[in-house]
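K.L.:
Provide a 3D model corresponding to the input given below.
(one chain, ligands or ions: 1)
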Amino acid sequence: MTLLKLDVLAVRNIHSASISPSPAINLITGANASGKSSLLEAIFILGRSRSFRTTHTKQAISFDQSQLTVSAQNRQHSGSISTLGIQIDNKQCHIRIDQEDRQKADLAYALPVQLIHPKSYRLLDSGPQIRREFLDWGIFNQHKNFLPCWRKFNKALQQRNALLKTRQLKQIPAWDKEFLEYGQVINDFRVAYVASLQPVFLDMARQFLNKDDVELRFLAGWDDRQALDTILKSDLDRDMRYGFTNSGPHRADFQTYQDKRLAKDYLSRGQQKLLVLALMLAQVTLLNQESPYSCCILIDDLASELDAENRAKLIKYLVGLSCQVFISSTDVADFGDLSAIENYKWFHVEHGDVKQL
Ligand SMILES: Nc1ncnc2c1ncn2[C@@H]1O[C@H](COP(=O)(O)OP(=O)(O)OP(=O)(O)O)[C@@H](O)[C@H]1O
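P.N.:
Okay, the predicted model is just below:
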């Protein structure tokens, strides 16, 4: 996919902006509080139907407006051009693709967005949900049949938990069947995904961290030396006490090791940022290996993420990646030698006003 034209209405301090981005690298500059992150946030909202800066996306609506709108003309892999749009007000979210009402998942398939921002290092040290979402985003974009299985699994999990809470034990085996069937499928997808991500991650870590001993270790969400159905049976008393299912793919996680030590406990904050960068680039590189231009990369506040050497390395890598990229920074010098960046466009933001230079 490539965004050919992007229109933003009432996203934070951007009242109205319309740009025709480069299919390759887009540089976004502007002073602090000019609206650079808001522009990236608008693209993220178009791909993920939510903000990356707040759990309440309606907070991104401009103070004096009642709704925000982001729309774009998007060139698909096939070459055909579709119109994507999302409108969010205080209560609802409306999604349209080619003038038809659609679901969030349709938008996510149409515009896969990967974001690297100053808080990305949390991927290593916050709770497991963010890491499950990271894995699942990669799988979702590579395997169309992942989402229906994931939905069926979650439905079974919710029903099972509701029965545990209300102690309706007789009905639990009926939901266990679905839980186990789709749970196994999800686990198989994740195991295969981590295995395919590992070599690409290693390659990225060599480039950005100068380390050649990084490793991803997947944790299924239960002691996988035993079958999940055995665990479900042996956990039943505990599940009833807690009123939820303690073991299963909904508790999956992965950990990142460097030299056989947990990265989050031993690497410096700067190294952790580089490791997360390596992980995220590995994910988009893997996606791009199947077909080029398969996702849009947003990098917010480049300079806060990386030193000059790594900024130059990253830009060089992105130039060769065949992906549409949007990178923000306060100072154009942070992007290094512009003559080395082919086919770039430069947008400058001032008080929410976006202009191409
Ligand atoms: N809902 C909103 N409506 C209008 N303005 C908002 C809203 N939410 C935040 N703002 C303001 O929008 C402005 C732009 O914020 P943004 O984070 O996009 O700037 P930025 O250029 O990325 O800044 P920095 O370089 O400091 O990170 C800020 O002044 C912010 O206070």
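
K.L.:
walk me through the domains of this protein.
P.N.:
Using automatic domain parsing, the domains assigned to the chain come out as 1-112+295-357, 125-195+210-270.

K.L.:
looking at those domains, which is nearest to the ligand?
P.N.:
domain 1-112+295-357 (3.2 Å; Cβ to the nearest ligand atom). C-beta coordinates here come from the backbone N, C-alpha and C atoms, glycine included.

K.L.:
the closest one close to the ligand?
P.N.:
Yes - judged by Cβ under 6 Å from any ligand atom, domain 1-112+295-357 comes into contact with the ligand at 12-13, 30, 32-38, 59-63, 301, 330.

K.L.:
quick check: C296 touching I327?
P.N.:
No - contact between C296 and I327 fails when scored by Cβ atoms under 8 Å: they sit 11.8 Å apart.

K.L.:
just the ones of the residues of domain 1-112+295-357 next to the ligand in helices?
P.N.:
Per DSSP state H, helices hold the following members of the residues of domain 1-112+295-357 next to the ligand: 36-38.

K.L.:
what bridges to the closest residue to Q103 other than its chain neighbours?
P.N.:
Using Cβ to Cβ, 6 or more residues apart in numbering and skipping residues adjacent in sequence, the residue nearest Q103 is I95, 6.6 Å away. Taking DSSP bridges as the rule, I95 bridges to I86.

K.L.:
how close does I95 get to A156?
P.N.:
27 Å (Cβ to Cβ, to the nearest Å).

K.L.:
cool, L4 as well?
P.N.:
41 Å.

K.L.:
and S37, by the same measure?
P.N.:
The value you get for S37 to A156, if Cβ to Cβ is used, is 39 Å.

K.L.:
mind checking the SS state of the residue of the stretch 101-250 of the chain at minimum distance from the ligand?
P.N.:
At 8.5 Å from the ligand, P118 is the closest residue in the stretch 101-250 of the chain, using Cβ to the nearest ligand atom. Secondary structure for P118, judged by DSSP: H, G, I helix; E, B strand; the rest coil, is coil.

K.L.:
quick check: buried residues in stretch 133-145?
P.N.:
134-142 (16 or more other Cβ atoms under 10 Å).

K.L.:
cool, and stretch 74-87?
P.N.:
Applying a neighbour-count criterion of 16+ other Cβ under 10 Å, one finds 74-75, 82, 84-87 buried in stretch 74-87.

K.L.:
same thing with stretch 293-312?
P.N.:
Taking 16+ other Cβ under 10 Å as the criterion, stretch 293-312 shows 293-303, 305-306, 310-312 as buried.

K.L.:
next one: the residue most central in space within the chain, what pLDDT does it get?
P.N.:
With distances taken as Cα atoms, centre = their mean, the chain has Q114 as the residue nearest its mean C-alpha position (4.8 Å). We have a pLDDT of 96 for Q114.

K.L.:
got the phi and psi for it?
P.N.:
phi -110, psi 130 (degrees, to the nearest 10).

K.L.:
need the contact list for it.
P.N.:
Neighbour list for Q114: 280, 283-284, 295-298 [criterion: Cβ atoms under 8 Å, 6 or more residues apart in numbering].

K.L.:
quick revisit: make TSV out of the buried residues of stretch 74-87 and add pLDDT.
P.N.:
Putting those into TSV (pLDDT from 0 to 100) gives the following:
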residue	pLDDT
N74	96
R75	95
S82	96
L84	97
G85	97
I86	98
Q87	98
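
K.L.:
show me which pair in the residues you listed is furthest apart.
P.N.:
Pairwise distances across these peak at 22.1 Å for R75 and Q87 (criterion: Cβ to Cβ).

K.L.:
which parts of the stretch 51-200 of the chain are strands?
P.N.:
Along the stretch 51-200 of the chain, the stretches classed as strands by DSSP state E, counting those that start in this stretch are 67-75, 81-89, 93-97, 100-101, 113-116.

K.L.:
need those strands in a markdown table (columns: distance to L338).
P.N.:
Output for the strands of the stretch 51-200 of the chain, formatted as a markdown table (distance: least, Cβ to Cβ, whole Å):
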| stretch | distance to L338 |
| --- | --- |
| strand 67-75 | 25 |
| strand 81-89 | 29 |
| strand 93-97 | 35 |
| strand 100-101 | 41 |
| strand 113-116 | 20 |
